[in-house]
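> need a 3D model of the following:
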Amino acid sequence: MGAFRVDLRRAQGLLAEPAERRLVGELNDGFQRFMNVDVIAYRELRNGREEAVRRLFLGPEIRNFEAIAATSEQLARYEERRATATERAFDDARDGARKRLIAVALGAALVIVLLLVTAWDVARLALEGARNREPVR
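Predicted structure coming up:
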């Protein structure tokens, strides 16, 4: 029970989304009800009322435990959906960045090709101009 309390306190401090806080609040309330029934059951056990203990454990205690388990499962599913959405957003951002990088690389390649063609034309024109200026022999 001590580890559960530690985890519950940690969750209360870490989880900030409204849905998370609601579920953690439900977990806390369910756990308190569970522990309250335990206190009553222990008192009944000390007073020798084993039938009352049996009724508590087979009735309210099981219902409280099932409620805690169901809420824990809801919280786990919620966190799984958030993790999946975060992973998907990361993948989309990475893919977008990759596409932009490819576009920049293609643009740079096109500029390089244009510069090479222009340099070739300038060199060709310079050679033709130099030939045209040479005296004929």
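> would you map the helices across the protein?
Taking DSSP state H to define them, one finds helices in the chain at 2-14, 18-46, 50-58, 60-133.
> which of those helices sits most buried?
Most buried of the helices of the chain, by mean neighbour count (mean count of other C-beta atoms under 10 Å): helix 18-46, with a mean of 15. Just so you know, the C-beta spots here come from the backbone N, C-alpha and C atoms, and that holds for glycine as well.
> can you tell me the average pLDDT over that one?
Confidence over helix 18-46 (mean pLDDT, whole number) is 92.
> please name every helix or strand in contact with that helix.
For helix 18-46, the helices and strands in contact under the criterion 3 or more C-beta pairs under 8 Å, 6 or more residues apart in numbering; DSSP states H and E are helix 2-14, helix 50-58, helix 60-133.
> between helix 2-14 and it, find me the angle.
Interaxial angle, helix 18-46 versus helix 2-14 (axes from the mean of the first three to the mean of the last three C-alpha atoms, to 10 degrees): 150 degrees.
> what sits against residue 114?
Residues in contact with residue 114, defined by C-beta atoms under 8 Å, 6 or more residues apart in numbering, are absent; none qualify.
> could you dump the helices and strands packed on helix 18-46 to TSV with mean pLDDT?
Rendered in TSV, the data for the helices and strands packed on helix 18-46 read as follows (pLDDT from 0 to 100):
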stretch	mean pLDDT
helix 2-14	86
helix 50-58	90
helix 60-133	91
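> measure residue 58 to residue 83 for me?
Distance of residue 58 to residue 83, given as C-beta to C-beta, to the nearest Å: 37 Å.
> mind checking how far the residue lying closest to residue 23 once chain neighbours are set aside is from residue 84?
The spatial neighbour of residue 23 that comes closest, neighbours along the chain excluded (C-beta to C-beta, 6 or more residues apart in numbering), is residue 75 at 4.4 Å. Computed as C-beta to C-beta, the residue 75 to residue 84 distance reads 15 Å.
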